[in-house]
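Enquirer: I need the structure of the sequence given here:
(one chain, ligands or ions: 1)
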Amino acid sequence: MSGPHPAASATVHDLIAEAHARFRRARLAFGHGTTNAWDEAVYLVLHALKLPPDRLTPFLARKVTVAERERALHLIGERIRRRVPAAYLTREAWLGDARFYVDERVIVPRSYLAELLHARLAPWIAQPARIKQALDLCTGSGCLAVVLARMFPAARVDAVDISPAALAVARRNVAAYRLQRRVRLLQSDLFSALRGERYDLIIANPPYVSAAVMRKLPPEYRHEPSLALAGGADGFDAVRIILREAAQRLTGGGLLVVEVGHNRKRLEARFPHLPFVWPQTSGGDDCVFMLERRDLTGAARAAAVPPQRARRAGAASRRR
Ligand SMILES: C[S@@+](CC[C@H](N)C(=O)[O-])C[C@H]1O[C@@H](n2cnc3c(N)ncnc32)[C@H](O)[C@@H]1O
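Expert: Model prediction:
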(Lines give C-alpha, C1' and ligand atoms only; values in the text may rest on other atoms or scores of the structure.)
Protein backbone atom coordinates (compact mmCIF):
# COMPACT_ATOMS: atom_id res chain seq x y z
CA MET A 1 0.00 0.00 0.00
CA SER A 2 1.19 3.52 -0.59
CA GLY A 3 0.23 7.04 0.50
CA PRO A 4 -1.21 8.32 3.77
CA HIS A 5 -3.96 6.34 5.50
CA PRO A 6 -6.92 8.06 7.12
CA ALA A 7 -7.06 7.25 10.85
CA ALA A 8 -10.36 5.58 11.64
CA SER A 9 -12.93 8.38 11.23
CA ALA A 10 -10.77 11.03 13.01
CA THR A 11 -11.44 14.52 11.76
CA VAL A 12 -9.72 17.84 12.33
CA HIS A 13 -12.50 18.66 14.75
CA ASP A 14 -11.93 15.42 16.71
CA LEU A 15 -8.24 16.21 17.03
CA ILE A 16 -8.90 19.76 18.22
CA ALA A 17 -11.50 18.53 20.72
CA GLU A 18 -9.00 15.98 22.07
CA ALA A 19 -6.25 18.62 22.41
CA HIS A 20 -8.69 21.02 24.05
CA ALA A 21 -9.72 18.45 26.66
CA ARG A 22 -6.10 17.53 27.42
CA PHE A 23 -5.03 21.18 27.71
CA ARG A 24 -7.85 21.87 30.14
CA ARG A 25 -7.04 18.84 32.24
CA ALA A 26 -3.38 19.90 32.37
CA ARG A 27 -4.35 23.42 33.55
CA LEU A 28 -1.96 25.12 31.15
CA ALA A 29 -1.33 28.85 31.21
CA PHE A 30 -1.98 30.85 28.05
CA GLY A 31 -1.13 34.34 26.85
CA HIS A 32 1.48 33.70 24.17
CA GLY A 33 -0.65 34.28 21.11
CA THR A 34 -3.84 32.66 22.41
CA THR A 35 -5.78 33.21 25.61
CA ASN A 36 -7.57 29.89 26.10
CA ALA A 37 -7.33 26.11 25.63
CA TRP A 38 -9.60 25.94 22.58
CA ASP A 39 -7.73 28.59 20.55
CA GLU A 40 -4.41 27.01 21.52
CA ALA A 41 -5.68 23.59 20.36
CA VAL A 42 -6.89 25.06 17.07
CA TYR A 43 -3.57 26.80 16.49
CA LEU A 44 -1.41 23.75 17.17
CA VAL A 45 -3.57 21.30 15.21
CA LEU A 46 -3.78 23.58 12.17
CA HIS A 47 -0.03 24.10 12.36
CA ALA A 48 0.69 20.36 12.62
CA LEU A 49 -1.59 19.72 9.63
CA LYS A 50 0.03 22.57 7.64
CA LEU A 51 -3.37 24.23 7.24
CA PRO A 52 -3.85 28.04 7.10
CA PRO A 53 -3.91 29.41 10.67
CA ASP A 54 -6.88 31.71 10.03
CA ARG A 55 -9.27 29.29 8.27
CA LEU A 56 -10.71 26.60 10.49
CA THR A 57 -14.34 26.09 9.36
CA PRO A 58 -13.68 24.64 5.89
CA PHE A 59 -11.39 22.01 7.40
CA LEU A 60 -13.34 20.91 10.50
CA ALA A 61 -14.83 17.78 8.91
CA ARG A 62 -11.69 16.84 7.01
CA LYS A 63 -10.29 13.41 7.85
CA VAL A 64 -6.74 13.37 9.22
CA THR A 65 -4.13 10.83 8.16
CA VAL A 66 -2.19 8.70 10.63
CA ALA A 67 0.96 10.77 10.01
CA GLU A 68 -0.91 14.03 10.54
CA ARG A 69 -2.44 12.76 13.75
CA GLU A 70 0.95 11.69 15.04
CA ARG A 71 2.45 15.09 14.23
CA ALA A 72 -0.37 16.87 16.03
CA LEU A 73 -0.27 14.54 19.05
CA HIS A 74 3.48 15.10 19.36
CA LEU A 75 3.02 18.88 19.52
CA ILE A 76 0.11 18.59 21.93
CA GLY A 77 2.12 16.24 24.16
CA GLU A 78 5.16 18.53 24.19
CA ARG A 79 2.99 21.56 25.00
CA ILE A 80 1.71 19.72 28.08
CA ARG A 81 4.86 17.87 29.13
CA ARG A 82 7.22 20.84 28.95
CA ARG A 83 4.68 23.60 29.70
CA VAL A 84 6.34 25.53 26.88
CA PRO A 85 4.61 28.31 24.89
CA ALA A 86 3.28 26.94 21.60
CA ALA A 87 5.32 29.50 19.68
CA TYR A 88 8.58 27.90 20.83
CA LEU A 89 7.35 24.55 19.48
CA THR A 90 6.23 25.92 16.13
CA ARG A 91 9.08 28.49 15.90
CA GLU A 92 6.65 31.17 14.80
CA ALA A 93 4.45 33.92 16.22
CA TRP A 94 1.95 36.24 14.60
CA LEU A 95 1.24 39.94 15.04
CA GLY A 96 -1.87 40.48 12.93
CA ASP A 97 -1.02 39.08 9.50
CA ALA A 98 2.73 39.30 10.06
CA ARG A 99 4.60 36.10 10.88
CA PHE A 100 7.86 36.14 12.85
CA TYR A 101 10.48 33.53 13.57
CA VAL A 102 10.89 33.00 17.33
CA ASP A 103 12.85 30.78 19.67
CA GLU A 104 13.81 30.85 23.35
CA ARG A 105 16.28 33.72 22.78
CA VAL A 106 13.34 36.15 22.58
CA ILE A 107 10.02 36.75 24.26
CA VAL A 108 7.01 35.55 22.23
CA PRO A 109 5.62 38.63 20.38
CA ARG A 110 2.23 39.73 21.73
CA SER A 111 2.57 43.47 22.14
CA TYR A 112 -0.52 45.70 22.03
CA LEU A 113 1.75 48.26 20.40
CA ALA A 114 1.46 46.28 17.17
CA GLU A 115 -2.25 47.11 16.92
CA LEU A 116 -1.52 50.81 17.25
CA LEU A 117 1.24 50.57 14.65
CA HIS A 118 -1.07 48.72 12.26
CA ALA A 119 -3.40 51.74 12.58
CA ARG A 120 -0.37 54.00 11.88
CA LEU A 121 -0.90 55.53 15.32
CA ALA A 122 -3.91 57.46 14.02
CA PRO A 123 -5.11 59.97 15.06
CA TRP A 124 -1.99 60.84 17.06
CA ILE A 125 0.16 60.82 13.96
CA ALA A 126 -1.69 62.75 11.29
CA GLN A 127 0.85 62.32 8.50
CA PRO A 128 2.72 58.99 8.60
CA ALA A 129 4.96 60.14 5.73
CA ARG A 130 6.46 62.72 8.08
CA ILE A 131 7.95 60.01 10.28
CA LYS A 132 11.49 59.87 8.92
CA GLN A 133 13.47 58.57 11.91
CA ALA A 134 12.06 56.07 14.37
CA LEU A 135 13.45 54.05 17.26
CA ASP A 136 12.30 50.71 18.65
CA LEU A 137 13.79 50.30 22.12
CA CYS A 138 13.99 46.73 23.47
CA THR A 139 13.35 45.21 20.06
CA GLY A 140 13.63 41.50 21.02
CA SER A 141 12.66 39.51 17.90
CA GLY A 142 12.49 42.78 15.95
CA CYS A 143 8.76 42.26 15.46
CA LEU A 144 7.69 45.83 16.30
CA ALA A 145 10.54 47.35 14.31
CA VAL A 146 9.36 45.37 11.29
CA VAL A 147 5.71 46.38 11.73
CA LEU A 148 6.79 49.99 12.25
CA ALA A 149 8.89 49.97 9.07
CA ARG A 150 6.06 48.42 7.05
CA MET A 151 3.45 50.90 8.30
CA PHE A 152 5.73 53.96 8.04
CA PRO A 153 7.46 53.45 4.69
CA ALA A 154 9.31 56.78 4.84
CA ALA A 155 10.96 55.90 8.15
CA ARG A 156 14.45 54.67 8.88
CA VAL A 157 14.26 52.59 12.02
CA ASP A 158 16.89 52.02 14.69
CA ALA A 159 16.06 48.89 16.71
CA VAL A 160 18.07 48.25 19.86
CA ASP A 161 18.33 45.51 22.43
CA ILE A 162 20.81 44.77 25.18
CA SER A 163 20.82 41.05 24.29
CA PRO A 164 23.05 39.90 21.39
CA ALA A 165 21.06 36.64 21.30
CA ALA A 166 17.80 38.54 20.77
CA LEU A 167 19.45 40.66 18.08
CA ALA A 168 20.40 37.50 16.17
CA VAL A 169 16.71 36.58 16.02
CA ALA A 170 15.79 40.15 15.05
CA ARG A 171 18.35 40.03 12.23
CA ARG A 172 16.61 36.97 10.84
CA ASN A 173 13.17 38.63 10.94
CA VAL A 174 14.38 41.90 9.45
CA ALA A 175 15.99 39.94 6.61
CA ALA A 176 12.82 37.87 6.08
CA TYR A 177 10.94 41.12 5.43
CA ARG A 178 13.83 42.48 3.34
CA LEU A 179 14.10 45.54 5.53
CA GLN A 180 17.87 45.52 6.13
CA ARG A 181 18.26 48.86 4.37
CA ARG A 182 15.75 50.65 6.59
CA VAL A 183 16.03 48.83 9.91
CA ARG A 184 19.37 49.15 11.72
CA LEU A 185 19.89 46.70 14.59
CA LEU A 186 22.15 47.81 17.43
CA GLN A 187 23.21 46.38 20.74
CA SER A 188 22.49 49.04 23.31
CA ASP A 189 21.49 49.44 26.93
CA LEU A 190 18.38 51.52 26.16
CA PHE A 191 19.63 54.80 24.63
CA SER A 192 23.28 54.46 25.65
CA ALA A 193 24.82 53.38 22.30
CA LEU A 194 22.85 55.95 20.31
CA ARG A 195 24.91 59.05 19.65
CA GLY A 196 23.16 62.32 18.87
CA GLU A 197 20.33 60.75 16.86
CA ARG A 198 16.87 62.29 17.19
CA TYR A 199 13.65 60.50 16.41
CA ASP A 200 10.16 61.54 15.27
CA LEU A 201 8.78 58.42 16.92
CA ILE A 202 10.12 56.24 19.73
CA ILE A 203 8.33 53.02 20.63
CA ALA A 204 9.25 50.65 23.44
CA ASN A 205 7.97 47.42 24.90
CA PRO A 206 10.48 47.23 27.75
CA PRO A 207 10.63 44.67 30.56
CA TYR A 208 8.00 45.80 33.08
CA VAL A 209 7.19 42.85 35.34
CA SER A 210 7.69 43.61 39.03
CA ALA A 211 9.78 41.36 41.27
CA ALA A 212 6.67 40.16 43.12
CA VAL A 213 4.92 39.14 39.90
CA MET A 214 8.11 37.53 38.54
CA ARG A 215 8.14 35.20 41.54
CA LYS A 216 4.65 33.92 40.67
CA LEU A 217 4.98 33.48 36.91
CA PRO A 218 3.44 30.27 35.49
CA PRO A 219 5.91 27.75 33.97
CA GLU A 220 5.18 28.84 30.39
CA TYR A 221 6.53 32.33 31.11
CA ARG A 222 9.69 30.94 32.69
CA HIS A 223 10.77 29.65 29.26
CA GLU A 224 11.08 33.28 28.12
CA PRO A 225 14.32 35.23 28.80
CA SER A 226 13.95 36.85 32.22
CA LEU A 227 15.83 39.83 30.78
CA ALA A 228 12.77 40.43 28.61
CA LEU A 229 10.33 40.43 31.53
CA ALA A 230 11.96 41.53 34.78
CA GLY A 231 11.68 45.28 35.32
CA GLY A 232 13.20 45.51 38.80
CA ALA A 233 11.49 45.83 42.17
CA ASP A 234 8.47 47.82 40.97
CA GLY A 235 8.78 46.83 37.29
CA PHE A 236 9.61 50.37 36.18
CA ASP A 237 13.43 50.34 36.04
CA ALA A 238 13.56 50.66 32.26
CA VAL A 239 10.44 52.85 32.03
CA ARG A 240 11.99 55.37 34.46
CA ILE A 241 15.09 55.73 32.27
CA ILE A 242 12.98 56.02 29.12
CA LEU A 243 10.89 58.80 30.70
CA ARG A 244 14.01 60.60 31.89
CA GLU A 245 15.91 60.43 28.60
CA ALA A 246 13.31 60.37 25.82
CA ALA A 247 12.95 64.17 25.54
CA GLN A 248 16.60 64.50 24.50
CA ARG A 249 16.09 61.84 21.83
CA LEU A 250 12.84 63.11 20.29
CA THR A 251 12.51 65.74 17.56
CA GLY A 252 10.35 68.83 18.18
CA GLY A 253 6.90 67.27 17.71
CA GLY A 254 8.16 63.76 18.44
CA LEU A 255 6.02 61.06 20.06
CA LEU A 256 6.93 58.42 22.67
CA VAL A 257 4.77 55.27 22.82
CA VAL A 258 5.48 52.70 25.55
CA GLU A 259 3.81 49.46 26.63
CA VAL A 260 3.68 48.90 30.39
CA GLY A 261 1.28 45.98 30.86
CA HIS A 262 -1.84 46.70 32.87
CA ASN A 263 0.07 49.10 35.09
CA ARG A 264 -1.63 52.42 34.33
CA LYS A 265 -2.67 53.19 37.90
CA ARG A 266 0.71 52.42 39.39
CA LEU A 267 2.55 54.43 36.74
CA GLU A 268 0.27 57.45 37.07
CA ALA A 269 0.77 57.36 40.82
CA ARG A 270 4.52 57.25 40.33
CA PHE A 271 4.60 60.09 37.76
CA PRO A 272 1.62 62.29 38.69
CA HIS A 273 2.89 65.31 36.72
CA LEU A 274 3.07 63.55 33.37
CA PRO A 275 -0.02 63.91 31.13
CA PHE A 276 -0.08 60.29 29.94
CA VAL A 277 -2.48 59.45 27.11
CA TRP A 278 -3.72 55.84 27.17
CA PRO A 279 -4.98 54.72 23.74
CA GLN A 280 -7.53 51.93 23.59
CA THR A 281 -6.17 48.53 22.52
CA SER A 282 -7.70 45.06 22.62
CA GLY A 283 -6.07 44.81 26.06
CA GLY A 284 -7.94 47.88 27.34
CA ASP A 285 -6.84 51.45 27.99
CA ASP A 286 -4.27 50.74 30.67
CA CYS A 287 -1.42 49.05 28.78
CA VAL A 288 0.18 51.56 26.42
CA PHE A 289 0.89 55.23 27.05
CA MET A 290 1.87 58.06 24.77
CA LEU A 291 3.62 61.32 25.52
CA GLU A 292 4.77 64.10 23.25
CA ARG A 293 8.21 65.57 23.62
CA ARG A 294 6.86 68.77 25.13
CA ASP A 295 5.16 66.71 27.87
CA LEU A 296 8.53 65.29 28.86
CA THR A 297 10.64 68.42 29.01
CA GLY A 298 11.56 69.86 32.40
CA ALA A 299 13.23 67.61 34.91
CA ALA A 300 10.49 68.29 37.46
CA ARG A 301 7.79 66.80 35.23
CA ALA A 302 9.52 63.45 34.88
CA ALA A 303 10.68 63.37 38.50
CA ALA A 304 9.31 60.22 40.01
CA VAL A 305 7.41 60.23 43.28
CA PRO A 306 9.21 57.92 45.73
CA PRO A 307 7.61 54.45 45.80
CA GLN A 308 5.99 54.88 49.27
CA ARG A 309 4.24 58.13 48.39
CA ALA A 310 3.25 56.67 45.03
CA ARG A 311 1.60 53.73 46.79
CA ARG A 312 -0.40 56.16 48.95
CA ALA A 313 -1.37 58.21 45.88
CA GLY A 314 -2.40 55.01 44.08
CA ALA A 315 -4.56 53.96 47.02
CA ALA A 316 -6.13 57.43 47.14
CA SER A 317 -6.89 57.40 43.41
CA ARG A 318 -8.46 53.93 43.73
CA ARG A 319 -10.73 55.21 46.51
CA ARG A 320 -11.94 58.16 44.37
C1 LIG B 1 9.25 42.71 26.60
S2 LIG B 1 10.59 42.29 25.51
C3 LIG B 1 10.02 43.09 24.03
C4 LIG B 1 10.49 42.47 22.76
C5 LIG B 1 9.76 42.94 21.50
N6 LIG B 1 9.86 44.37 21.35
C7 LIG B 1 8.30 42.54 21.55
O8 LIG B 1 7.44 43.38 21.70
O9 LIG B 1 8.03 41.32 21.43
C10 LIG B 1 11.85 43.34 26.15
C11 LIG B 1 13.19 43.28 25.43
O12 LIG B 1 14.03 44.27 26.06
C13 LIG B 1 15.35 43.81 26.11
N14 LIG B 1 16.02 44.57 27.17
C15 LIG B 1 16.00 44.37 28.50
N16 LIG B 1 16.70 45.32 29.13
C17 LIG B 1 17.18 46.15 28.17
C18 LIG B 1 17.98 47.33 28.20
N19 LIG B 1 18.44 47.83 29.35
N20 LIG B 1 18.29 47.90 27.02
C21 LIG B 1 17.84 47.39 25.85
N22 LIG B 1 17.08 46.28 25.77
C23 LIG B 1 16.75 45.67 26.91
C24 LIG B 1 15.23 42.33 26.33
O25 LIG B 1 16.39 41.65 25.90
C26 LIG B 1 13.97 42.00 25.52
O27 LIG B 1 14.33 41.57 24.22
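Enquirer: not counting sequence-adjacent ones, nearest residue to whichever residue of the chain sits closest to the ligand?
Expert: For the chain and the ligand, the shortest gap (C-beta to the nearest ligand atom) falls at residue 140, measuring 2.4 Å. All C-beta spots, glycine's among them, are computed from the backbone N, C-alpha and C. Distances taken as C-beta to C-beta, 6 or more residues apart in numbering put residue 106 closest to residue 140, at 4.6 Å, once the chain neighbours are dropped.
Enquirer: part of a helix, is residue 9?
Expert: No. Residue 9 is assigned strand when assessed by DSSP: H, G, I helix; E, B strand; the rest coil, not a helix.
Enquirer: what count of nearby residues applies to the closest residue to it other than its chain neighbours?
Expert: In this structure, residue 9 finds its nearest non-sequential neighbour in residue 63, 7.4 Å apart by C-beta to C-beta, 6+ apart. Residue 63 has 16 neighbouring residues, counting by other C-beta atoms under 10 Å.
Enquirer: and what of residue 284?
Expert: Residues near residue 284, counting by other C-beta under 10 Å: 12.
Enquirer: so it touches residue 261, yeah?
Expert: No. Contact criterion C-beta atoms under 8 Å: residue 284 and residue 261 do not qualify, at 10.7 Å.
Enquirer: related to what we said a few turns ago, ok, the residue nearest to residue 9 to residue 166 distance?
Expert: 42 Å (C-beta to C-beta, to the nearest Å).
Enquirer: just residue 47 next, same as before
Expert: Here residue 47 is placed at a distance of 24 Å from residue 166 (C-beta to C-beta).
Enquirer: looking at these two, which is more packed in?
Expert: Taking neighbours as other C-beta under 10 Å, residue 47 and residue 166 compare with residue 166 leading, 23 against 18.
Enquirer: is it fair to say the more buried one lies in a helix?
Expert: Yes. According to three-state DSSP, residue 166 belongs to a helix.
Enquirer: the domain parsing of the protein - what is it?
Expert: 6-90, 101-319 (automatic domain parsing).
Enquirer: what mean pLDDT does the last one get?
Expert: Rounded to a whole number, the mean pLDDT of domain 101-319 is 92.
Enquirer: list the buried residues in the helix or strand hosting residue 244.
Expert: Secondary structure from DSSP states H and E places residue 244 in helix 237-249. Buried residues in helix 237-249, counting neighbours by 16 or more other C-beta atoms under 10 Å, are found at 237, 238, 239, 240, 241, 242, 243, 244, 245, 246, 247, 249.
Enquirer: near the ligand, list only the ones from the residues you listed.
Expert: residue 238 (C-beta under 6 Å from any ligand atom).
Enquirer: next, format the buried residues of helix 237-249 as JSON lines and append distance to residue 215.
Expert: Below are the buried residues of helix 237-249 laid out as JSON lines (distance: C-beta to C-beta, whole Å):
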{"residue": "237", "distance to residue 215": "16"}
{"residue": "238", "distance to residue 215": "19"}
{"residue": "239", "distance to residue 215": "20"}
{"residue": "240", "distance to residue 215": "21"}
{"residue": "241", "distance to residue 215": "23"}
{"residue": "242", "distance to residue 215": "24"}
{"residue": "243", "distance to residue 215": "26"}
{"residue": "244", "distance to residue 215": "27"}
{"residue": "245", "distance to residue 215": "29"}
{"residue": "246", "distance to residue 215": "30"}
{"residue": "247", "distance to residue 215": "34"}
{"residue": "249", "distance to residue 215": "33"}
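Enquirer: the residue nearest to residue 140 against residue 228, yeah?
Expert: Yes. Using C-beta under 8 Å, residue 106 is in contact with residue 228, at 7.0 Å.
Enquirer: show me where the stretch 151-300 of the chain has its strands.
Expert: Remark: strands assigned in the stretch 151-300 of the chain by DSSP state E, counting those that start in this stretch are 156-161, 183-187, 199-204, 250-259, 288-292.
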